[in-house]
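Peer 1: Please find the sequence and the predicted model below.
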Amino acid sequence: MATEVILPKVDMDMATGRISKWLVVEGATVKLGDPLFEIETDKAAMEIESPATGVLRNITAEGSEVPIGKVVAWIYGADETVSAAPIAKAADIVEAKKSAPLAAPSVTAPTKETGIRATPLARRIARDAGVELSGLAGTGAHGCITRSDVEDAIESKPSGTKAKAESKPQAADQTVRGLFAEGSFREIPHDKMRLIIARRLVESKSTVPHFYVSADCRLDALLKLRTEINASAPLVDGKPAYKLSINDIVIKAWALALKAVPMANVTWTDNAMLCHEQVDIGVAVSVEGGLITPIIRNAETKRLSEISNEMKDLAVRAKNRKLKTEEYNGGTTAISNLGMFGVKNFNAIINPPHATILAVGAGEERGVWEKGVFVPATLMTVTLSVDHRAVDGALGAQALQAFRGFIENPVSMLI
(Lines give C-alpha, C1' and ligand atoms only; values in the text may rest on other atoms or scores of the structure.)
Protein backbone atom coordinates (compact mmCIF):
# COMPACT_ATOMS: atom_id res chain seq x y z
CA MET A 1 0.00 0.00 0.00
CA ALA A 2 1.36 3.43 -0.95
CA THR A 3 2.70 5.63 1.88
CA GLU A 4 1.63 9.25 2.25
CA VAL A 5 4.31 11.93 2.54
CA ILE A 6 2.80 14.49 4.93
CA LEU A 7 3.88 18.08 5.49
CA PRO A 8 4.82 17.98 9.20
CA LYS A 9 4.47 20.69 11.81
CA VAL A 10 8.02 21.73 12.67
CA ASP A 11 7.30 25.04 14.40
CA MET A 12 4.94 25.89 17.27
CA ASP A 13 3.28 28.74 15.33
CA MET A 14 3.30 26.98 11.97
CA ALA A 15 0.05 26.66 10.01
CA THR A 16 1.50 26.27 6.51
CA GLY A 17 4.89 25.55 4.97
CA ARG A 18 6.35 26.37 1.59
CA ILE A 19 8.02 23.57 -0.38
CA SER A 20 11.20 25.36 -1.40
CA LYS A 21 13.05 22.46 -3.02
CA TRP A 22 12.65 18.77 -3.82
CA LEU A 23 15.91 16.92 -3.19
CA VAL A 24 14.86 13.95 -5.36
CA VAL A 25 12.94 13.87 -8.64
CA GLU A 26 9.57 12.36 -9.51
CA GLY A 27 9.94 8.63 -10.08
CA ALA A 28 13.17 8.28 -8.09
CA THR A 29 13.67 5.39 -5.69
CA VAL A 30 14.12 6.56 -2.11
CA LYS A 31 14.97 4.84 1.14
CA LEU A 32 13.48 5.30 4.60
CA GLY A 33 15.16 8.32 6.20
CA ASP A 34 16.50 9.83 2.95
CA PRO A 35 16.09 13.62 2.69
CA LEU A 36 13.09 14.23 0.40
CA PHE A 37 12.44 17.96 0.29
CA GLU A 38 13.01 21.27 2.05
CA ILE A 39 10.23 23.32 3.57
CA GLU A 40 10.44 27.00 4.32
CA THR A 41 8.79 28.26 7.48
CA ASP A 42 8.86 31.85 8.72
CA LYS A 43 12.16 31.14 10.49
CA ALA A 44 14.08 28.34 8.81
CA ALA A 45 14.42 25.93 5.93
CA MET A 46 14.26 22.30 7.05
CA GLU A 47 14.88 18.98 5.33
CA ILE A 48 12.05 16.44 5.61
CA GLU A 49 12.97 12.76 5.49
CA SER A 50 11.28 9.93 3.66
CA PRO A 51 8.78 7.96 5.79
CA ALA A 52 9.22 4.78 3.70
CA THR A 53 11.24 3.00 1.02
CA GLY A 54 9.91 2.98 -2.52
CA VAL A 55 9.28 5.10 -5.61
CA LEU A 56 8.37 8.78 -5.17
CA ARG A 57 5.25 9.88 -7.08
CA ASN A 58 2.58 12.60 -7.20
CA ILE A 59 4.82 15.32 -5.79
CA THR A 60 3.51 18.80 -5.06
CA ALA A 61 5.21 21.53 -7.10
CA GLU A 62 8.09 23.53 -5.64
CA GLY A 63 7.02 26.93 -4.37
CA SER A 64 3.64 25.64 -3.20
CA GLU A 65 2.49 26.75 0.25
CA VAL A 66 0.79 23.81 1.89
CA PRO A 67 -1.15 23.43 5.17
CA ILE A 68 0.39 21.18 7.80
CA GLY A 69 -0.90 17.61 7.70
CA LYS A 70 -1.57 17.66 3.94
CA VAL A 71 -0.18 15.02 1.58
CA VAL A 72 2.59 16.42 -0.65
CA ALA A 73 3.64 13.14 -2.33
CA TRP A 74 3.24 9.36 -2.23
CA ILE A 75 5.79 6.56 -2.00
CA TYR A 76 4.86 3.37 -3.85
CA GLY A 77 6.26 -0.11 -3.54
CA ALA A 78 8.10 -1.54 -6.53
CA ASP A 79 5.08 -3.57 -7.72
CA GLU A 80 2.33 -1.10 -6.82
CA THR A 81 0.20 0.67 -9.41
CA VAL A 82 0.45 4.43 -9.38
CA SER A 83 -2.93 6.08 -8.94
CA ALA A 84 -4.02 9.68 -9.24
CA ALA A 85 -3.56 10.15 -5.52
CA PRO A 86 -4.91 13.39 -4.05
CA ILE A 87 -2.24 15.91 -3.12
CA ALA A 88 -2.37 19.34 -1.52
CA LYS A 89 -3.89 22.08 -3.64
CA ALA A 90 -3.64 25.85 -3.32
CA ALA A 91 -7.28 25.97 -2.25
CA ASP A 92 -6.40 23.86 0.78
CA ILE A 93 -4.37 26.70 2.25
CA VAL A 94 -7.44 28.42 3.60
CA GLU A 95 -8.23 25.27 5.58
CA ALA A 96 -4.92 25.41 7.47
CA LYS A 97 -4.81 26.53 11.01
CA LYS A 98 -6.21 24.88 14.09
CA SER A 99 -7.71 21.44 14.42
CA ALA A 100 -10.26 22.56 17.01
CA PRO A 101 -13.56 23.67 15.41
CA LEU A 102 -14.61 27.26 15.83
CA ALA A 103 -18.01 28.28 17.05
CA ALA A 104 -19.98 29.83 14.20
CA PRO A 105 -19.38 33.57 14.46
CA SER A 106 -21.99 36.23 13.91
CA VAL A 107 -21.13 38.65 11.13
CA THR A 108 -23.57 41.38 12.04
CA ALA A 109 -22.26 44.73 13.17
CA PRO A 110 -20.29 44.17 16.37
CA THR A 111 -21.63 45.38 19.67
CA LYS A 112 -19.65 46.50 22.70
CA GLU A 113 -18.20 43.27 24.06
CA THR A 114 -17.02 43.70 27.59
CA GLY A 115 -15.46 40.87 29.54
CA ILE A 116 -14.13 39.08 26.44
CA ARG A 117 -10.42 38.30 26.42
CA ALA A 118 -8.88 39.44 23.10
CA THR A 119 -5.72 41.17 21.94
CA PRO A 120 -6.09 44.76 20.69
CA LEU A 121 -5.09 43.67 17.19
CA ALA A 122 -7.72 40.92 17.18
CA ARG A 123 -10.38 43.44 18.26
CA ARG A 124 -9.46 45.83 15.46
CA ILE A 125 -9.50 43.14 12.77
CA ALA A 126 -12.83 41.82 14.06
CA ARG A 127 -14.31 45.30 14.09
CA ASP A 128 -13.17 45.99 10.51
CA ALA A 129 -14.49 42.63 9.31
CA GLY A 130 -17.82 42.83 11.15
CA VAL A 131 -17.13 39.73 13.27
CA GLU A 132 -18.45 39.54 16.83
CA LEU A 133 -15.84 38.30 19.30
CA SER A 134 -18.52 36.68 21.43
CA GLY A 135 -18.91 34.00 18.76
CA LEU A 136 -15.24 32.98 18.72
CA ALA A 137 -13.28 30.40 20.69
CA GLY A 138 -9.93 31.88 21.71
CA THR A 139 -6.78 29.77 21.37
CA GLY A 140 -4.46 32.15 23.23
CA ALA A 141 -3.45 31.98 26.86
CA HIS A 142 -6.50 31.41 29.09
CA GLY A 143 -8.87 31.55 26.12
CA CYS A 144 -7.68 34.91 24.81
CA ILE A 145 -8.83 35.58 21.23
CA THR A 146 -5.88 36.23 18.93
CA ARG A 147 -5.48 37.62 15.45
CA SER A 148 -5.35 34.12 13.94
CA ASP A 149 -8.66 33.21 15.62
CA VAL A 150 -10.36 36.17 13.95
CA GLU A 151 -8.73 35.49 10.58
CA ASP A 152 -9.84 31.84 10.76
CA ALA A 153 -13.40 32.99 11.42
CA ILE A 154 -13.25 35.31 8.42
CA GLU A 155 -11.92 32.52 6.20
CA SER A 156 -14.73 30.18 7.30
CA LYS A 157 -17.48 32.56 6.19
CA PRO A 158 -18.87 32.86 2.64
CA SER A 159 -16.68 34.57 0.04
CA GLY A 160 -18.74 37.75 0.19
CA THR A 161 -17.81 38.24 3.84
CA LYS A 162 -14.16 37.56 3.14
CA ALA A 163 -14.17 40.02 0.26
CA LYS A 164 -15.65 42.65 2.58
CA ALA A 165 -12.91 42.03 5.14
CA GLU A 166 -10.19 42.25 2.49
CA SER A 167 -11.56 45.36 0.81
CA LYS A 168 -10.20 47.83 3.37
CA PRO A 169 -6.52 46.76 3.27
CA GLN A 170 -6.68 46.44 -0.51
CA ALA A 171 -8.13 49.94 -0.76
CA ALA A 172 -5.43 51.22 1.59
CA ASP A 173 -2.75 49.62 -0.61
CA GLN A 174 -4.16 51.38 -3.66
CA THR A 175 -4.25 54.70 -1.80
CA VAL A 176 -0.57 54.37 -0.88
CA ARG A 177 0.40 53.39 -4.43
CA GLY A 178 -1.47 56.41 -5.70
CA LEU A 179 0.95 58.69 -3.85
CA PHE A 180 3.79 57.67 -6.17
CA ALA A 181 4.18 58.05 -9.92
CA GLU A 182 3.55 54.93 -11.99
CA GLY A 183 6.86 53.23 -12.81
CA SER A 184 8.78 55.01 -10.04
CA PHE A 185 8.86 51.95 -7.80
CA ARG A 186 8.93 48.17 -7.92
CA GLU A 187 6.92 45.84 -5.71
CA ILE A 188 8.54 43.06 -3.67
CA PRO A 189 5.81 40.72 -2.35
CA HIS A 190 6.03 39.96 1.36
CA ASP A 191 7.36 36.51 2.14
CA LYS A 192 6.28 34.45 5.16
CA MET A 193 9.15 35.66 7.35
CA ARG A 194 8.44 39.35 6.72
CA LEU A 195 4.70 38.93 7.40
CA ILE A 196 5.35 37.06 10.67
CA ILE A 197 7.88 39.70 11.79
CA ALA A 198 5.38 42.47 11.01
CA ARG A 199 2.57 40.71 12.88
CA ARG A 200 4.65 39.95 15.98
CA LEU A 201 6.10 43.47 16.21
CA VAL A 202 2.67 45.08 15.91
CA GLU A 203 1.30 42.74 18.57
CA SER A 204 4.25 43.45 20.85
CA LYS A 205 4.01 47.24 20.62
CA SER A 206 0.19 47.05 20.89
CA THR A 207 0.00 44.76 23.91
CA VAL A 208 3.29 45.06 25.83
CA PRO A 209 3.86 48.30 27.82
CA HIS A 210 7.50 49.06 27.02
CA PHE A 211 9.83 51.26 29.05
CA TYR A 212 13.53 51.85 28.49
CA VAL A 213 16.64 52.35 30.61
CA SER A 214 20.10 53.18 29.19
CA ALA A 215 23.66 53.16 30.48
CA ASP A 216 27.17 53.82 29.21
CA CYS A 217 29.58 50.94 29.85
CA ARG A 218 33.36 51.43 29.80
CA LEU A 219 35.04 48.77 27.66
CA ASP A 220 38.76 49.37 28.26
CA ALA A 221 39.28 46.47 30.71
CA LEU A 222 37.08 44.18 28.59
CA LEU A 223 39.02 44.90 25.39
CA LYS A 224 42.32 44.23 27.14
CA LEU A 225 41.08 40.95 28.62
CA ARG A 226 39.59 39.86 25.28
CA THR A 227 42.95 40.42 23.57
CA GLU A 228 44.77 38.38 26.21
CA ILE A 229 42.25 35.51 26.08
CA ASN A 230 42.33 35.30 22.28
CA ALA A 231 46.14 35.42 22.25
CA SER A 232 46.28 32.46 24.66
CA ALA A 233 43.79 30.28 22.76
CA PRO A 234 45.24 26.79 22.11
CA LEU A 235 45.65 25.69 18.49
CA VAL A 236 43.50 22.91 17.05
CA ASP A 237 44.58 21.72 13.59
CA GLY A 238 46.64 24.87 13.29
CA LYS A 239 43.76 27.23 14.13
CA PRO A 240 42.80 28.91 17.44
CA ALA A 241 40.22 26.87 19.34
CA TYR A 242 38.14 30.03 19.82
CA LYS A 243 38.14 33.76 19.07
CA LEU A 244 36.00 35.86 21.37
CA SER A 245 33.99 38.79 20.06
CA ILE A 246 32.64 41.64 22.16
CA ASN A 247 29.16 40.24 21.53
CA ASP A 248 30.16 36.89 23.08
CA ILE A 249 31.20 38.70 26.26
CA VAL A 250 28.00 40.78 26.20
CA ILE A 251 25.97 37.55 26.10
CA LYS A 252 27.79 36.17 29.14
CA ALA A 253 27.52 39.47 31.04
CA TRP A 254 23.78 39.76 30.43
CA ALA A 255 23.24 36.13 31.48
CA LEU A 256 25.13 36.68 34.74
CA ALA A 257 23.25 39.94 35.34
CA LEU A 258 19.90 38.14 35.11
CA LYS A 259 21.22 35.40 37.38
CA ALA A 260 22.14 38.12 39.90
CA VAL A 261 18.72 39.81 39.50
CA PRO A 262 16.49 36.76 38.95
CA MET A 263 13.16 38.62 39.16
CA ALA A 264 14.09 40.32 35.88
CA ASN A 265 14.40 36.90 34.21
CA VAL A 266 10.65 36.35 34.02
CA THR A 267 7.68 35.96 31.68
CA TRP A 268 4.29 37.60 32.17
CA THR A 269 1.08 35.57 31.96
CA ASP A 270 -2.41 36.70 32.94
CA ASN A 271 -2.53 34.53 36.08
CA ALA A 272 1.07 34.22 37.19
CA MET A 273 4.67 35.28 36.71
CA LEU A 274 6.96 32.63 35.28
CA CYS A 275 10.30 32.92 37.09
CA HIS A 276 12.90 31.09 35.02
CA GLU A 277 15.57 28.96 36.64
CA GLN A 278 18.02 29.37 33.75
CA VAL A 279 18.95 32.19 31.39
CA ASP A 280 18.29 31.34 27.74
CA ILE A 281 19.33 34.26 25.53
CA GLY A 282 18.01 34.77 22.02
CA VAL A 283 20.58 36.66 19.93
CA ALA A 284 19.23 38.55 16.92
CA VAL A 285 20.91 37.48 13.67
CA SER A 286 20.24 39.31 10.41
CA VAL A 287 19.25 36.97 7.56
CA GLU A 288 18.04 37.62 4.06
CA GLY A 289 14.56 39.10 4.27
CA GLY A 290 14.46 39.52 8.04
CA LEU A 291 16.01 38.26 11.26
CA ILE A 292 15.97 35.27 13.56
CA THR A 293 17.03 34.81 17.19
CA PRO A 294 18.90 31.55 17.82
CA ILE A 295 19.14 30.80 21.52
CA ILE A 296 22.17 30.28 23.75
CA ARG A 297 20.66 28.11 26.49
CA ASN A 298 21.96 28.10 30.07
CA ALA A 299 24.22 30.98 29.07
CA GLU A 300 24.98 31.80 32.69
CA THR A 301 26.73 28.42 33.15
CA LYS A 302 28.80 28.37 29.95
CA ARG A 303 32.40 29.47 29.49
CA LEU A 304 33.10 32.37 27.16
CA SER A 305 34.78 30.02 24.69
CA GLU A 306 31.68 27.79 24.63
CA ILE A 307 29.39 30.76 24.01
CA SER A 308 31.68 32.04 21.25
CA ASN A 309 31.86 28.77 19.33
CA GLU A 310 28.15 28.01 19.79
CA MET A 311 27.16 31.49 18.63
CA LYS A 312 29.29 31.25 15.49
CA ASP A 313 27.73 27.90 14.59
CA LEU A 314 24.18 29.13 15.22
CA ALA A 315 24.75 32.32 13.21
CA VAL A 316 26.05 30.42 10.17
CA ARG A 317 23.15 27.98 10.21
CA ALA A 318 20.66 30.79 10.83
CA LYS A 319 21.84 32.62 7.69
CA ASN A 320 21.48 29.36 5.74
CA ARG A 321 18.06 28.77 7.37
CA LYS A 322 19.22 25.42 8.74
CA LEU A 323 18.31 25.87 12.40
CA LYS A 324 16.24 23.26 14.20
CA THR A 325 12.99 24.41 15.77
CA GLU A 326 14.27 24.00 19.32
CA GLU A 327 17.26 26.22 18.50
CA TYR A 328 15.16 29.36 18.03
CA ASN A 329 11.88 28.74 19.92
CA GLY A 330 11.48 30.07 23.44
CA GLY A 331 14.21 31.79 25.40
CA THR A 332 13.84 34.03 28.45
CA THR A 333 15.41 37.24 27.10
CA ALA A 334 17.16 38.59 24.01
CA ILE A 335 20.04 40.73 22.76
CA SER A 336 20.11 42.89 19.63
CA ASN A 337 23.54 44.28 18.70
CA LEU A 338 23.88 46.94 15.98
CA GLY A 339 27.28 48.15 17.14
CA MET A 340 29.01 46.66 14.10
CA PHE A 341 27.09 49.18 11.96
CA GLY A 342 28.33 52.14 13.99
CA VAL A 343 24.96 52.65 15.70
CA LYS A 344 25.46 54.51 18.99
CA ASN A 345 22.18 53.55 20.66
CA PHE A 346 18.64 52.39 19.84
CA ASN A 347 15.51 50.96 21.47
CA ALA A 348 14.65 47.36 20.58
CA ILE A 349 11.13 45.91 20.56
CA ILE A 350 10.47 43.09 23.03
CA ASN A 351 9.85 39.66 21.52
CA PRO A 352 7.09 38.00 23.60
CA PRO A 353 7.07 35.93 25.73
CA HIS A 354 10.30 37.64 26.77
CA ALA A 355 10.04 40.48 29.26
CA THR A 356 13.34 42.11 28.28
CA ILE A 357 15.63 42.77 25.33
CA LEU A 358 19.05 44.43 25.51
CA ALA A 359 19.98 46.77 22.63
CA VAL A 360 23.76 47.14 22.22
CA GLY A 361 25.46 50.04 20.46
CA ALA A 362 28.98 50.56 19.16
CA GLY A 363 32.03 50.96 21.36
CA GLU A 364 33.54 54.37 20.65
CA GLU A 365 36.23 56.59 22.09
CA ARG A 366 34.90 59.39 24.27
CA GLY A 367 36.29 61.57 26.99
CA VAL A 368 35.41 60.89 30.64
CA TRP A 369 36.25 62.52 33.95
CA GLU A 370 38.40 60.31 36.15
CA LYS A 371 39.60 61.61 39.53
CA GLY A 372 39.33 65.19 38.32
CA VAL A 373 41.15 64.53 35.06
CA PHE A 374 39.62 64.33 31.57
CA VAL A 375 40.86 61.07 30.00
CA PRO A 376 40.01 59.11 26.83
CA ALA A 377 37.97 55.93 27.23
CA THR A 378 36.06 53.45 25.09
CA LEU A 379 32.35 53.54 25.95
CA MET A 380 29.40 51.46 24.76
CA THR A 381 25.78 52.59 25.20
CA VAL A 382 23.22 49.88 25.93
CA THR A 383 19.46 50.27 26.28
CA LEU A 384 17.25 47.76 28.05
CA SER A 385 13.63 47.47 26.84
CA VAL A 386 11.37 46.11 29.58
CA ASP A 387 7.82 44.79 29.82
CA HIS A 388 6.46 46.99 32.63
CA ARG A 389 3.82 44.40 33.54
CA ALA A 390 6.55 42.00 34.61
CA VAL A 391 9.50 44.19 35.62
CA ASP A 392 9.32 47.55 37.37
CA GLY A 393 11.68 50.45 36.72
CA ALA A 394 13.93 49.95 39.72
CA LEU A 395 14.27 46.23 38.97
CA GLY A 396 15.15 46.90 35.33
CA ALA A 397 17.72 49.45 36.47
CA GLN A 398 19.24 46.90 38.88
CA ALA A 399 19.60 44.36 36.06
CA LEU A 400 21.29 46.95 33.84
CA GLN A 401 23.54 48.01 36.73
CA ALA A 402 24.59 44.38 37.24
CA PHE A 403 25.33 44.05 33.53
CA ARG A 404 27.46 47.18 33.58
CA GLY A 405 29.38 45.82 36.55
CA PHE A 406 30.32 42.63 34.70
CA ILE A 407 31.28 44.53 31.53
CA GLU A 408 33.51 46.99 33.39
CA ASN A 409 35.04 44.30 35.62
CA PRO A 410 35.19 41.39 33.15
CA VAL A 411 37.52 39.27 35.27
CA SER A 412 34.53 38.68 37.58
CA MET A 413 32.93 36.66 34.76
CA LEU A 414 35.82 34.19 34.89
CA ILE A 415 35.55 33.45 38.59
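Peer 2: On my side now, so go ahead. Note that the structure is a prediction, hence the values are computed from the model and not measured. Numbering: from 1, shown residues only.

Peer 1: which stretches of the stretch 251-400 of the chain form helices?
Peer 2: 304-319, 393-408 (DSSP state H, counting those that start in this stretch).

Peer 1: Low-confidence bits of the stretch 51-200 of the chain, can you list those?
Peer 2: Under the criterion pLDDT under 70, the flagged ranges of the stretch 51-200 of the chain are 82-115, 120, 140-143, 155-171.

Peer 1: if I look at Lys205, how far off is Ala198?
Peer 2: 11 Å (C-beta to C-beta, to the nearest Å). C-beta: built from backbone N, CA, C; applies to glycine.

Peer 1: same deal with Glu80?
Peer 2: Glu80 sits 46 Å away from Ala198, taking C-beta to C-beta as the criterion.

Peer 1: Comparing those two, which shows the higher neighbour count?
Peer 2: In this view Glu80 and Ala198 are compared by other C-beta atoms under 10 Å, and Glu80 has more residues nearby, 15 against 12.

Peer 1: Distance check, Ile350 against Ala390.
Peer 2: The value you get for Ile350 to Ala390, if C-beta to C-beta is used, is 10 Å.

Peer 1: higher neighbour count, these two?
Peer 2: A side-by-side neighbour count of Ile350 and Ala390, using other C-beta under 10 Å, places Ala390 first with 25 against 21.

Peer 1: Same question for stretch 180-198: list its buried residues.
Peer 2: If you call a residue buried by 16 or more other C-beta atoms under 10 Å, then stretch 180-198 has these buried ones: Lys192, Met193, Ile196, Ile197.

Peer 1: Just the ones of these in helices?
Peer 2: Judged by DSSP state H, helices contain the following of those: Lys192, Met193, Ile196, Ile197.

Peer 1: isn't the last one right up against Leu291?
Peer 2: Just to be clear, that refers to Ile197. Yes - using C-beta atoms under 8 Å, Ile197 is in contact with Leu291, at 7.2 Å.

Peer 1: circling back: format the buried residues of stretch 180-198 as a markdown table; extra columns: distance to Leu7.
Peer 2: As requested, the buried residues of stretch 180-198 are arranged in a markdown table below (distance: C-beta to C-beta, whole Å):
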| residue | distance to Leu7 |
| --- | --- |
| Lys192 | 14 |
| Met193 | 18 |
| Ile196 | 18 |
| Ile197 | 22 |
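
Peer 1: out of those, who's nearest Gly178?
Peer 2: Relative to Gly178, the closest of those is Ile197; by C-beta to C-beta it sits at 26.3 Å.

Peer 1: And Lys371, how far from Asp220?
Peer 2: 15 Å.

Peer 1: just curious, which of the ones in helices among the buried residues of stretch 180-198 is nearest to Ala362?
Peer 2: Set against Ala362, the nearest of these by C-beta to C-beta is Ile197 (24.0 Å).

Peer 1: What's the local residue count around the nearest residue to the closest one once chain neighbours are set aside?
Peer 2: Spatially, and ignoring its direct neighbours in sequence, Ile197 is nearest to Gly290 (5.1 Å; C-beta to C-beta, 6 or more residues apart in numbering). Residues within reach of Gly290, counting by other C-beta under 10 Å, total 16.

Peer 1: wait, Gly290 sits on Arg194?
Peer 2: Yes - at 5.7 Å, Gly290 and Arg194 qualify as touching, with contact defined as C-beta under 8 Å.

Peer 1: about what we covered before: list the contacts of the residue nearest to Ile197.
Peer 2: Contact criterion C-beta atoms under 8 Å, 6 or more residues apart in numbering gives Met193, Arg194, Ile197 as the residues in contact with Gly290.

Peer 1: Rebuild the residues you listed as TSV, extending it with distance to Lys239.
Peer 2: Converted to TSV, these look like this (distance: C-beta to C-beta, whole Å):
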residue	distance to Lys239
Met193	34
Arg194	37
Ile197	36
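
Peer 1: ok, of these, which one's closest to Asp173?
Peer 2: Comparing the contacts of Gly290 against Asp173 with C-beta to C-beta picks out Arg194 as the nearest, at 15.2 Å.

Peer 1: ok, now which ones touch the closest one?
Peer 2: Contact criterion C-beta under 8 Å, 6+ apart gives Gly289, Gly290 as the residues in contact with Arg194.

Peer 1: tell me, how many neighbours does the closest residue to Val261 other than its chain neighbours end up with?
Peer 2: Spatially, and ignoring its direct neighbours in sequence, Val261 is nearest to Ala399 (4.4 Å; C-beta to C-beta, 6+ apart). Ala399 has 26 neighbouring residues, counting by other C-beta under 10 Å.

Peer 1: Surely Ala399 and Val266 touch.
Peer 2: No - with contacts defined as C-beta under 8 Å, Ala399 does not count as touching Val266, sitting 10.8 Å away.

Peer 1: Residues that sit against both of the two, list them.
Peer 2: Residues touching both Ala399 and Val266 comprise Val391, with contact defined as C-beta under 8 Å, 6+ apart.

Peer 1: about what we covered before: pLDDT at the residue nearest to Ile197, what is it?
Peer 2: Taken from the predicted model, the pLDDT recorded for Gly290 is 87.

Peer 1: rewinding a little: so Lys371 and Asp220 - more neighbours on which side?
Peer 2: Asp220 (15 against 5).

Peer 1: correct me, but that one touches Leu379?
Peer 2: No - counting by C-beta under 8 Å, Asp220 stays clear of Leu379, with 9.1 Å between them.

Peer 1: Dig out what Leu384 forms beta bridges with.
Peer 2: Val213, Leu358 (DSSP bridges).

Peer 1: all helices of the stretch 101-250 of the chain, in order?
Peer 2: Ranges of helices in the stretch 101-250 of the chain, per DSSP H, counting those that start in this stretch, are 120-129, 147-156, 159-177, 192-207, 220-231, 246-260.
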